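Trainee: Make a model of this:
(chains A and B)
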2 protein chains.
Amino acid sequence: MREFPLDKVFQLLEPGPVVLVSTSENGRDNVMTMSWHMMMDFVPPRLACVISEGDHSFQALAGTRECVLAIPPASLAATVVDIGNCSGAQVDKFKAFGLTRKPAAAVAAPLINECFANLECRVADDTLVEKYDLFVLEVVRAWADEAWPELASTSAARALPKTLHHNGDGTFRVDGEMLDMKARMRKFPEFL
Amino acid sequence: MREFPLDKVFQLLEPGPVVLVSTSENGRDNVMTMSWHMMMDFVPPRLACVISEGDHSFQALAGTRECVLAIPPASLAATVVDIGNCSGAQVDKFKAFGLTRKPAAAVAAPLINECFANLECRVADDTLVEKYDLFVLEVVRAWADEAWPELASTSAARALPKTLHHNGDGTFRVDGEMLDMKARMRKFPEFL
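Mentor: Numbering: from 1, shown residues only, chains lettered A, B, ... in the order given. Here you go, the predicted structure:
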């Protein structure tokens, strides 16, 4: 894994990919599948996510206030689905699904080598955890697979693997056509 | 527009599409482009979104506590980008971009006829607005283009138009292949 700048993190999460969340509590690692997240700020990268109190990961995240968000390529779909359909209370998911852990730099939760990007996060605000299970996270370190040097460069990260978007019912949309509208991103009154 | 059940709303937002946000304050309608949103609960459908205090829509949303989230098809990309690059303080965007308004049922903000789904929303919680510009919205009525009866039926909404996912830099990923993993959505210990 190669570190990449924090100011590029929002470009990975803004499109709304399914992510994996790894946690580590008392030496026990766990991982879950999550789609309910959004960016909140660019730098430092802040995001919100909802992790239900019913999820085994909830206690680890609330207790340690640390996690890693790992972005799986679409090719990992079957594993992503299976991870989402069992609980860390019953299964050692890293072992069961053959996921390769790498140590993170700032948090105890592991990076996941099969994911092309890994974001080390700390809980920045828990105001709405009790009411809505809504955590505000801050990304403190960001890592990408060596195969994707785009993420460590200043160029846009357009060559990245396709990701998954969950329709909420067991069907997913895989990233398709890339639409480059950069030339149109000009401020009024240049157009009209 | 045809009304569809609130328990299907999360299936439209969970994949992370770019949406339009319409507001109406003192008889003046406005619309903005937004990607920073996430589902928070299924029924009633609750979601979070970040609308910056610098956006013209912020005051209308904070003041009226109402908006409509409209989901544009990918074919509307150019308009979606242009809407995001000018301000309602300077432009009557509905007029400038030829958007067709339809009256909503429960809120003053208009539905947008060019979007295939429209969600009438009320602000449900503003605890984190001052600190993060984070609004918690509840969807109170949901409407779909007559061309998409899937949304009013109990079947999954798989035939819907492709949507846009913003990479944050003026490039977008359009929905591609649909991956049906329903048969794999079974609970442990059925697998392993």
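Trainee: Does residue A:44 touch residue A:139 like I think?
Mentor: Yes. Judged on C-beta atoms under 8 Å, residue A:44 makes contact with residue A:139 at a distance of 6.9 Å. For every residue, glycine as well, the C-beta is placed using N, CA and C.
Trainee: Between these two, which has more neighbouring residues?
Mentor: residue A:139 (23 against 12; other C-beta atoms under 10 Å in any protein chain shown).
Trainee: Now do the more buried one against residue A:10, distance only.
Mentor: Relative to residue A:10, residue A:139 is positioned 9 Å away (C-beta to C-beta, to the nearest Å).
Trainee: quick one on the thing from earlier: any common contacting residues for residue A:44 and residue A:139?
Mentor: residue A:6 (C-beta atoms under 8 Å, 6 or more residues apart in numbering or on different chains).
Trainee: Okay, buried residues for the helix or strand hosting residue A:174 please.
Mentor: Following DSSP states H and E, one finds residue A:174 within strand A:171-180. Buried residues in strand A:171-180, defined by neighbour count with 16 or more other C-beta atoms under 10 Å in any protein chain shown: A:171, A:172, A:173, A:174, A:175, A:176, A:179.
Trainee: ok, what's across the strand from residue A:135?
Mentor: residue A:49 (DSSP bridges).
Trainee: Test my guess that it contacts residue A:126.
Mentor: Yes. Counting by C-beta under 8 Å, residue A:135 touches residue A:126, with 6.5 Å between them.
Trainee: which one of those two has more residues nearby?
Mentor: Shown here are residue A:135 and residue A:126; by other C-beta under 10 Å, residue A:135 has more neighbours (24 against 13).
Trainee: gap between that one and residue B:34?
Mentor: From residue A:135 to residue B:34 the distance is 21 Å (C-beta to C-beta).
Trainee: Now chain A against chain B: closest residue?
Mentor: Scanning chain A for the residue nearest chain B gives residue A:16, at 1.4 Å (criterion: C-beta to the nearest C-beta).
Trainee: need the contact list for residue A:47.
Mentor: Shown in contact with residue A:47 (C-beta under 8 Å, 6+ apart): A:13, A:37, A:38, A:39, A:40, A:121, A:136, A:137, A:139.
Trainee: restrict those residues to those near chain B?
Mentor: Counting by C-beta under 8 Å from any C-beta of the partner chain, A:37, A:38, A:39, A:40, A:136 from those sit close to chain B.
Trainee: Inside strands: which ones of the residues you listed?
Mentor: Among these, the members falling in strands (DSSP state E) are A:37, A:38, A:39, A:40, A:136.
Trainee: Just send the ones next to chain B among the contacts of residue A:47 back as TSV, with neighbour count and pLDDT too.
Mentor: Below are these laid out as TSV (neighbours: other C-beta atoms under 10 Å in any protein chain shown; pLDDT from 0 to 100):
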residue	neighbour count	pLDDT
A:37	24	98
A:38	24	98
A:39	23	98
A:40	25	98
A:136	23	98
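Trainee: Just give me the closest of the residues you listed to residue A:164.
Mentor: residue A:37 (13.3 Å; C-beta to C-beta).
Trainee: In contact with the closest residue to the closest one other than its chain neighbours, which residues?
Mentor: Leaving aside its chain neighbours, residue A:37 sits nearest to residue A:49 (4.0 Å; criterion: C-beta to C-beta, 6 or more residues apart in numbering or on different chains). For residue A:49, the contact set (C-beta under 8 Å, 6+ apart) comprises A:21, A:34, A:36, A:37, A:38, A:134, A:135, A:137, B:38.
Trainee: just residue A:94 next, same as before
Mentor: Contacts of residue A:94 (C-beta under 8 Å, 6+ apart): A:29, A:30, A:31, A:101, A:110.
Trainee: Now rank those residues by neighbours and give me the top one.
Mentor: These, ranked by neighbours (other C-beta under 10 Å): first place residue A:31, 29 neighbours.
Trainee: Could you pull out the helices in chain A for me?
Mentor: For chain A, the helices defined by DSSP state H occupy A:9-13, A:56-64, A:77-84, A:93-96, A:129-132.
Trainee: Deepest-packed of these, please.
Mentor: Of the helices of chain A, the one with the most neighbours on average (mean count of other C-beta atoms under 10 Å in any protein chain shown) is helix A:9-13, at a mean of 24.
Trainee: Residues contacting that one, please?
Mentor: Outside helix A:9-13, the residues that touch it by C-beta under 8 Å, 6+ apart are A:19, A:37-39, A:42, A:45, A:47, A:69, A:71, A:117, A:119, A:139, A:142, A:151, A:156-157, A:160, B:167-169.
Trainee: burial count for residue A:148?
Mentor: That count, for residue A:148 with other C-beta under 10 Å as the rule, works out to 18.
Trainee: That one contacts residue A:118, doesn't it?
Mentor: No. Assessed by C-beta under 8 Å, residue A:148 is found out of contact with residue A:118, at 11.6 Å.
Trainee: Quickly list what the residue nearest to the spatial centre of chain A is bridged to.
Mentor: Against the mean C-alpha coordinate of chain A, by C-alpha atoms, centre = their mean, the closest residue is residue A:69 at 3.3 Å. Beta-bridge partners for residue A:69, by DSSP bridges, are residue A:21, residue A:119.
Trainee: got a list of what it touches?
Mentor: Contact partners of residue A:69, counting by C-beta under 8 Å, 6+ apart, are A:13, A:19, A:20, A:21, A:34, A:37, A:118, A:119, A:121, A:137, A:139.
Trainee: Would you format the residues you listed as JSON lines with distance to residue B:91 included?
Mentor: JSON lines is the format used below for the contacts of residue A:69 (distance: C-beta to C-beta, whole Å):
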{"residue": "A:13", "distance to residue B:91": "29"}
{"residue": "A:19", "distance to residue B:91": "36"}
{"residue": "A:20", "distance to residue B:91": "42"}
{"residue": "A:21", "distance to residue B:91": "41"}
{"residue": "A:34", "distance to residue B:91": "37"}
{"residue": "A:37", "distance to residue B:91": "32"}
{"residue": "A:118", "distance to residue B:91": "41"}
{"residue": "A:119", "distance to residue B:91": "36"}
{"residue": "A:121", "distance to residue B:91": "38"}
{"residue": "A:137", "distance to residue B:91": "35"}
{"residue": "A:139", "distance to residue B:91": "34"}
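Trainee: Good, wrapping up.
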